[in-house]
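Participant: The following comprises the amino acid sequence and a computationally predicted model.
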Amino acid sequence: MVNKAGAKLRAQLADPDRIIVCPGVQDGLSARVCLQQGFENLYMTGAGTAVSLLGMPDLGLTTADDMVRNAAIIAGLDRTVPVIADADTGFGGPVMVARSVERYILAGVAGLHIEDQVTTKRCGHLQGKELVDADVFASRIRATVAARKRLDDDIVIIARTDALQSRGLDEALARLRAAVAAGADVVFLEGMTTADEMEQVVQRMVPTPCLLNMVAGGVTPLVDAQEAKRMGYKIVIWPLFALTSTYLALQKTAQELKSTGAIKDRLGPDGKTVAGGVREIFQLCGLSECAEFDKEMSGKAFTDGV
Ligand SMILES: C[C@](O)(C(=O)O)[C@H](CC(=O)O)C(=O)O
């Protein structure tokens, strides 16, 4: 087996008492902050990757290269923490989908989701989404399963449908059932708009585990982990929380720099040290571990300190 992350995520899914709460992260820094807070899973957001890496909206503009590279960076920070990654539409026909899935597996990802929008997709919480036919979606899932088999891997395959908006709940559920028949492990019904739909999906998809997507400013009512668990969800993602926090904090300090010509130091809890100073952030990102590793390997880079 190439990648043990999938097996770990499967064990988490098999725990009947567990709900897997995944903070969405868009880069190494947001992943580091969530790891510091002790999260046991991470979610790599495609929307956040588009916004953070490209400065562009979630409109299918990220390539497989952009997404796999970002997933590899995030998954590589702590191999004990399973990462679920957005794989959008799989980026093409069955050959391309299988190639992409292999690359996600080799990147060390534990689970990924593939959806039924057209390749020129958009965020699931925007209007005017277009879908591929149900048989095309099923072939994407089959190609994902084939890639997993080819690498003898355990990656968790999450089938996402965006069909609710234009086709209604029954067709969306039928698409998810077909995806499960094709080998998907978990289902993700995107863009639910009421608590009743949220409850129904879990009940009507039994025994397949369901993922719930909590997007601030999106169309789905927001519930906490306890409520999601009560509804029967096994995975909850908060894809944009880090992006939103980063955006709001950056905007505030950018305004300060622009209007005053400087940034005032913010002091930490001890009242003396600068909060969020360069050394603190490097420590978060493994400064001491890097120096320690260098020493253990008889490297000399940090003998005079760092
Ligand atoms: C989950 C999602 O696919 C993502 O890219 O994180 C997005 C989130 C978003 O754009 O609001 C989605 O729900 O489509």
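Facilitator: Great, that's in hand.
Participant: where does the residue nearest to residue 25 when sequence neighbours are not counted land on pLDDT?
Facilitator: Take residue 25 and drop its neighbours on the chain: the residue closest to it by Cβ to Cβ, 6 or more residues apart in numbering is residue 31, 4.3 Å away. Every C-beta, even on glycine, is put in place using the N, C-alpha and C of the backbone. pLDDT, residue 31: 98.
Participant: so residue 31 makes contact with residue 71?
Facilitator: No. Applying Cβ atoms under 8 Å as the test, residue 31 and residue 71 come out as separate, 10.6 Å apart.
Participant: one step back: check the gap between the residue nearest to residue 25 and the ligand for me.
Facilitator: 14 Å (Cβ to the nearest ligand atom, to the nearest Å).
Participant: Then residue 111?
Facilitator: Taken as Cβ to the nearest ligand atom, the span from residue 111 to the ligand is 13 Å.
Participant: Tell me how many other residues crowd the closest residue to that residue other than its chain neighbours.
Facilitator: Of all residues not flanking residue 111 in the chain, residue 156 sits nearest, at 3.5 Å (Cβ to Cβ, 6+ apart). By other Cβ atoms under 10 Å, 25 other residues sit near residue 156.
Participant: Torsion angles phi and psi at residue 156?
Facilitator: Per-residue torsions, residue 156: phi -80, psi 120 (degrees, to the nearest 10).
Participant: same deal with residue 9?
Facilitator: Torsion angles, degrees, to the nearest 10, at residue 9: phi -60, psi -40.
Participant: Can you name the residues that contact it?
Facilitator: By Cβ atoms under 8 Å, 6 or more residues apart in numbering, the contact set of residue 9 is 20, 41, 82, 84, 110, 111, 156.
Participant: Tally up the residues packed near the residue in the stretch 201-306 of the chain positioned nearest to the ligand, please.
Facilitator: For the stretch 201-306 of the chain and the ligand, the shortest gap (Cβ to the nearest ligand atom) falls at residue 239, measuring 3.1 Å. By other Cβ under 10 Å, the residues close to residue 239 number 28.
Participant: what does the stretch 201-306 of the chain put close to the ligand?
Facilitator: 213, 215, 218, 239, 240 (Cβ under 6 Å from any ligand atom).
Participant: The third one against residue 190, yeah?
Facilitator: Looking back up the chat, that one is residue 218. No. In this structure, residue 218 is not within contact of residue 190 by Cβ under 8 Å, at 9.6 Å.
Participant: Now list whatever residues contact both of the two.
Facilitator: What both residue 218 and residue 190 touch, as defined by Cβ under 8 Å, 6+ apart, is the set residue 124.
Participant: near the ligand, which residues of the stretch 51-200 of the chain?
Facilitator: So the stretch 51-200 of the chain meets the ligand at 58, 86, 123, 124, 125, 190 (Cβ under 6 Å from any ligand atom).
Participant: Those residues into a markdown table, with extra columns for distance to residue 64, neighbour count and pLDDT?
Facilitator: Compiled in a markdown table, those are given as follows (distance: Cβ to Cβ, whole Å; neighbours: other Cβ atoms under 10 Å; pLDDT from 0 to 100):
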| residue | distance to residue 64 | neighbour count | pLDDT |
| --- | --- | --- | --- |
| 58 | 15 | 23 | 97 |
| 86 | 12 | 27 | 98 |
| 123 | 18 | 21 | 96 |
| 124 | 19 | 26 | 96 |
| 125 | 23 | 22 | 96 |
| 190 | 20 | 25 | 98 |
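Participant: on that earlier part again, need the contacts of residue 9 in JSON lines (columns: secondary structure and pLDDT).
Facilitator: What follows is those, written out as JSON lines (DSSP: H, G, I helix; E, B strand; the rest coil; pLDDT from 0 to 100):
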{"residue": "20", "secondary structure": "strand", "pLDDT": "98"}
{"residue": "41", "secondary structure": "coil", "pLDDT": "98"}
{"residue": "82", "secondary structure": "coil", "pLDDT": "98"}
{"residue": "84", "secondary structure": "strand", "pLDDT": "98"}
{"residue": "110", "secondary structure": "coil", "pLDDT": "98"}
{"residue": "111", "secondary structure": "strand", "pLDDT": "98"}
{"residue": "156", "secondary structure": "strand", "pLDDT": "98"}
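Participant: Following the chain onward from the helix or strand that contains residue 255, which element is next?
Facilitator: Element membership of residue 255, judged by DSSP states H and E, is helix 241-260. Downstream of helix 241-260, the first helix or strand assigned by DSSP H and E is helix 278-284.
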